[in-house]
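A.B. asks: Quick one, structure for this:
(2 chains)
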2 protein chains.
Amino acid sequence: MIINEQERDAVYKTIFNRRDVRGEFLPDPVPDDVIRRILVAAHHAPSVGFMQPWDFVLVSDVEVKRRVKAGFEEAHREAAGLFDDERRAVYQQLKLEGITEAPLGICITCDRARTGPVVIGRTANPEMDLYSSVCAVQNLWLAARAENLGVGWVSIIHHDRLREALGIPQHIVPIAYLCVGYVSRFHERPELEKAGWLPRMELADLIHRNQW
Amino acid sequence: MIINEQERDAVYKTIFNRRDVRGEFLPDPVPDDVIRRILVAAHHAPSVGFMQPWDFVLVSDVEVKRRVKAGFEEAHREAAGLFDDERRAVYQQLKLEGITEAPLGICITCDRARTGPVVIGRTANPEMDLYSSVCAVQNLWLAARAENLGVGWVSIIHHDRLREALGIPQHIVPIAYLCVGYVSRFHERPELEKAGWLPRMELADLIHRNQW
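C.D. replies: The predicted model follows:
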């Protein structure tokens, strides 16, 4: 199957215009067929030993979202204490999640025991199954952007609080809680770059040839 | 920036036709501008706290590839001993990498100390920087597929052997060693699925609503 230049450019357009969305979610519901398409995309991520270790918990219930939000707020307070005074003031002003505003939450997980203890490709690197679920996150994120849906990854929450909020069994590892919905706009650049938190690095500085 | 339906479909086509390539690499060199485009795509992955923790080691040198291959062979022998007899026979027949055949290797890493000890979004979940580099892998993989380039992820190698082969400092975490090149063909389905190792799971069985 050949991908032509127009199709290639569509992939790049999607990659370059993908953003982590926090403050621009609209309440409009995401149609079921669109949700299904982005989940199918996630399900076609690469997985170590074809293990497909992911599950998807779809969250639309307001009370469940409130519990996730409470978990975020707890971890967010802890985090603020870790920054020095100047950075803390900036940190506390940043809008970092849209848990209750986004019409849909999607938690992507990893079942490390799914296909038994020995998995092709996970023998030397036991973290590979977790990485497979991360690839599913990124597939879903790009598919969502191609559907003009915003996605925001909420990582400021402890696994156990997420497990409690969503009834996730103890042996399942939460990988990402994603806020998903249509948006009023996509930022042209990442918000932390625009806010002057950190600059975009020069790609040339990150490339090594044959040896580091 | 709106993505239209044609562009959306190009993204899905790329996602569904991406494969882990092991046996179909052609020796044709990958042009520099193509390499640059897929690296730019990787560099536009999401990263926790805009940390951009990745580096890229490009491998074209035959002797370096031989050292990576030797690391694979060592870990592959160890792995074979972990399967029961029946599975071992199948495992040993599988072609699992194209390290020396692929014209280009790309090692993607994670520098966990890149922007200091406190990173927005990494406070409750310290693994988030590793996951950012995995997102860069998946961006590169999809960009490569959109360029009709095959990619294979070699995970059967220990980090220290990869560090030795590529001169990677001890504090840098190798995330993926990717074999990259044009291919004679892309398989229609994942090779482990075709080989009957594991079936594609039913997506419906992986979806939960509000509670697991």
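A.B. asks: tally of neighbours for residue A:194?
C.D. replies: 11 (other Cβ atoms under 10 Å in any protein chain shown). All C-beta spots, glycine's among them, are computed from the backbone N, C-alpha and C.
A.B. asks: where do the helices sit along chain A?
C.D. replies: A:5-17, A:32-43, A:62-80, A:85-93, A:128-146, A:159-166, A:191-194 (DSSP state H).
A.B. asks: which residues sit in contact with residue A:67?
C.D. replies: Contact analysis of residue A:67 by Cβ atoms under 8 Å, 6 or more residues apart in numbering or on different chains lists A:164, A:165.
A.B. asks: ok, now how distant is residue A:73 from residue B:125?
C.D. replies: In this view, residue A:73 and residue B:125 are 16 Å apart by Cβ to Cβ, to the nearest Å.
A.B. asks: Worst mean pLDDT among the helices of chain A?
C.D. replies: Among those, helix A:85-93 has the lowest mean pLDDT, at a mean of 91.
A.B. asks: packing partners for that helix?
C.D. replies: Applying 3 or more Cβ pairs under 8 Å, 6 or more residues apart in numbering or on different chains; DSSP states H and E, one finds that helix A:85-93 contacts helix A:62-80.
A.B. asks: Kindly provide the distance from residue A:66 to residue A:98.
C.D. replies: Distance of residue A:66 to residue A:98, given as Cβ to Cβ: 14 Å.
A.B. asks: quick revisit: more neighbours, residue A:73 and residue B:125?
C.D. replies: Comparing residue A:73 with residue B:125 by neighbour count (other Cβ under 10 Å), the higher total belongs to residue B:125, at 21 against 14.
A.B. asks: Nearest residue to that one in space, please, no chain neighbours.
C.D. replies: Nearest in space to residue B:125, with sequence neighbours left out and distances taken as Cβ to Cβ, 6 or more residues apart in numbering or on different chains, is residue A:155 at 5.0 Å.
A.B. asks: can you check residue A:20 too?
C.D. replies: The spatial neighbour of residue A:20 that comes closest, neighbours along the chain excluded (Cβ to Cβ, 6+ apart), is residue A:152 at 5.3 Å.
A.B. asks: Next, count neighbours for the residue nearest to residue B:125.
C.D. replies: The number of residues packed near residue A:155 is 24, by other Cβ under 10 Å.
A.B. asks: is it true that it touches residue B:49?
C.D. replies: No. Taking Cβ atoms under 8 Å as the definition, residue A:155 is not a contact partner of residue B:49, at 9.3 Å.
A.B. asks: looking at it, the residue nearest to residue A:20 is touching residue A:104, isn't it?
C.D. replies: No. Residue A:152 is not in contact with residue A:104 according to Cβ under 8 Å; the separation is 11.3 Å.
A.B. asks: overlap in contacts of the two?
C.D. replies: Residues touching both residue A:152 and residue A:104 (Cβ under 8 Å, 6+ apart): residue A:179.
A.B. asks: quick revisit: and among the helices of chain A, the most buried is which?
C.D. replies: Among the helices of chain A, the stretch with the highest mean neighbour count (mean count of other Cβ atoms under 10 Å in any protein chain shown) is helix A:128-146, at a mean of 26.
A.B. asks: Extract the C-alpha trace of that one and format it as PDB.
C.D. replies: These are the backbone C-alpha positions of helix A:128-146, laid out as PDB (Å, rounded to 0.1, in the frame of the first residue of the first chain):
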ATOM      1  CA  MET A 128       7.900  -2.700  26.700                       C
ATOM      2  CA  ASP A 129       4.200  -3.500  27.400                       C
ATOM      3  CA  LEU A 130       3.800  -0.100  29.100                       C
ATOM      4  CA  TYR A 131       5.400   1.500  26.100                       C
ATOM      5  CA  SER A 132       2.900  -0.300  23.800                       C
ATOM      6  CA  SER A 133       0.000   1.300  25.700                       C
ATOM      7  CA  VAL A 134       1.800   4.700  25.300                       C
ATOM      8  CA  CYS A 135       1.900   4.100  21.500                       C
ATOM      9  CA  ALA A 136      -1.900   3.500  21.700                       C
ATOM     10  CA  VAL A 137      -2.200   6.900  23.400                       C
ATOM     11  CA  GLN A 138      -0.300   8.600  20.700                       C
ATOM     12  CA  ASN A 139      -2.300   6.900  17.900                       C
ATOM     13  CA  LEU A 140      -5.500   8.000  19.600                       C
ATOM     14  CA  TRP A 141      -4.200  11.500  20.000                       C
ATOM     15  CA  LEU A 142      -3.300  11.900  16.300                       C
ATOM     16  CA  ALA A 143      -6.600  10.300  15.200                       C
ATOM     17  CA  ALA A 144      -8.500  12.700  17.400                       C
ATOM     18  CA  ARG A 145      -6.600  15.600  15.900                       C
ATOM     19  CA  ALA A 146      -7.500  14.400  12.500                       C
END
